[in-house]
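> Let's see this in three dimensions:
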Amino acid sequence: MPPLPPGPSMPQLLWQARGLFAPLELLDEAHSTYGDLFRLPYDYPAVCVCSPTGLQAVFTAPADILASHQRGSVFDLVMGEHALVFLEGKAHQRHRQWLMPPFHGEQLQGWGNPIMEQTRRGFAHLPPGATFNVRQVMKHIALTVILQVVMGRSSGDQRDRLRSLLSGLFRGAESPLHAAALVFPFLRLDWGAWSPWGDFLRQKHQINQLLLHEICQRQEFALPRAQTDLLGLLLQVKDETGQGLSPAEI
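Okay, here's the model as predicted:
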């Protein structure tokens with residue numbers, strides 16, 4: 001392995017603790033000190049890349065050179081082990097081939113209208129000259145668009161329930177107390193729904209069960225809306241052997 005670039009020398013535990021309360025400020029501090037490429041103080045090789053040319057090098061590197069992430073990390077807990085951005089080698093190539101048809105140019109252009117519509121709605125209630133939290137407005141718009149594009153307009157109660165569950169999950173992730181349970185394994189103790197870890201597990205289970213119910217319902221009844229939204233398109237894709245994505249992979 002080539003030598004890693006320089007980076008913060010603080011203990012990993014201290015870095016993670018500071019990151020719970022001011023993650024962006026912490027990364028900005030490291031960037032201003034070490035430049036566009038710096039090592040993160042973890043107990044496994046981890047490097048932060050901050051330049052367009054560096055990102056291009058990462059995305060074009062052969063799969064046997066770079067590892068996407070450390071298995072068993074917080075990303076697996078939140079995004080699942082089948083997340084495309086963390087798959088490597090043949091598994092990554094296979095899933096990319098599955099996902100290419102739903103994301104062709106014409107389909108993406110069709111999603112442009114709902115994105116513009118929800119953006120207009122998101123800003124329509126803001127009076128001219130008013131001060132507002134851009135992040136909160138953008139988060140609401142993004143979640144609305146994602147649910148509409150993924151679940152479709154006709155998902156009704158299912159989509160509203162998923163919005164509520166995801167909003168609760170995001171609120172918890174923004175809390176340093178809840179985030180600490182994700183970052184530090186020794187805090188992952190299930191003491192019921194009132195405990196941060198227990199609350200996260202129950203919310204994740206409810207979200208997974210809702211999505212699994214929607215997937216099974218569409219597979220059983222072949223709902224017409226499955227032809228237009230992303231979930232329906234994913235249910236239709238097949239590889240060269242005729243095999244499709246499993247519910248867990250979706």
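> show me what contacts Gln203?
Contact analysis of Gln203 by CB atoms under 8 Å, 6 or more residues apart in numbering lists Leu165, Gly168, Leu169, Gly172. C-betas here are computed from N, CA, C, even on glycine.
> Burial check on Gln219, number of neighbours?
13 (other CB atoms under 10 Å).
> Name the single longest helix found in this structure.
As assigned by DSSP state H, the longest helix anywhere in the chain is helix 196-221.
> Pull out the buried positions in that helix.
Buried residues in helix 196-221, defined by neighbour count with 16 or more other CB atoms under 10 Å: 196-201, 203, 206-207, 210-211, 214-215, 218.
> roughly how far is it from the heart of the chain?
Centre-to-centre, helix 196-221 and its host chain are 16 Å apart (CA atoms, centre = their mean, to the nearest Å).
> average pLDDT across that helix?
Summarised as a single mean, pLDDT over helix 196-221 is 84.
> wait, doesn't Tyr42 sit right on Leu13?
No - using CB atoms under 8 Å as the test, Tyr42 is too far from Leu13 to be in contact (10.5 Å).
> Name the residue in these two with the higher neighbour count.
The neighbour count for Tyr42 versus Leu13, taken as other CB under 10 Å, is higher for Tyr42 (14 against 11).
> which non-adjacent residue is nearest the more buried one?
Once flanking residues are discounted, Tyr42 sits nearest to Gln12: 5.4 Å by CB to CB, 6 or more residues apart in numbering.
> From Arg218, how far off is the residue nearest in space to the middle of the chain?
In the chain, the C-alpha nearest the mean C-alpha coordinate belongs to Met79, at 5.7 Å (CA atoms, centre = their mean). Using CB to CB, to the nearest Å, we find Met79 at a distance of 22 Å from Arg218.
> can you check Leu55 too?
Remark: distance between Leu55 and Arg218 (CB to CB) = 36 Å.
> one step back: can you flag which of the contacts of Gln203 belong to helices?
Mapping the contacts of Gln203 onto helices (DSSP H) picks out Leu165, Gly168, Leu169, Gly172.
> ok, so of the residues you listed, who is nearest Phe132?
Gly168 (22.5 Å; CB to CB).
> The closest one - nearest residue in space that isn't next to it in sequence?
With CB to CB, 6+ apart as the measure, Gln203 is the residue that lies nearest to Gly168, at 5.8 Å, once sequence neighbours are left out.
> List the buried residues in stretch 132-151.
Across stretch 132-151, burial judged by 16+ other CB under 10 Å covers Ile141, Leu143, Thr144, Val145, Ile146, Leu147, Gln148, Val149, Val150, Met151.
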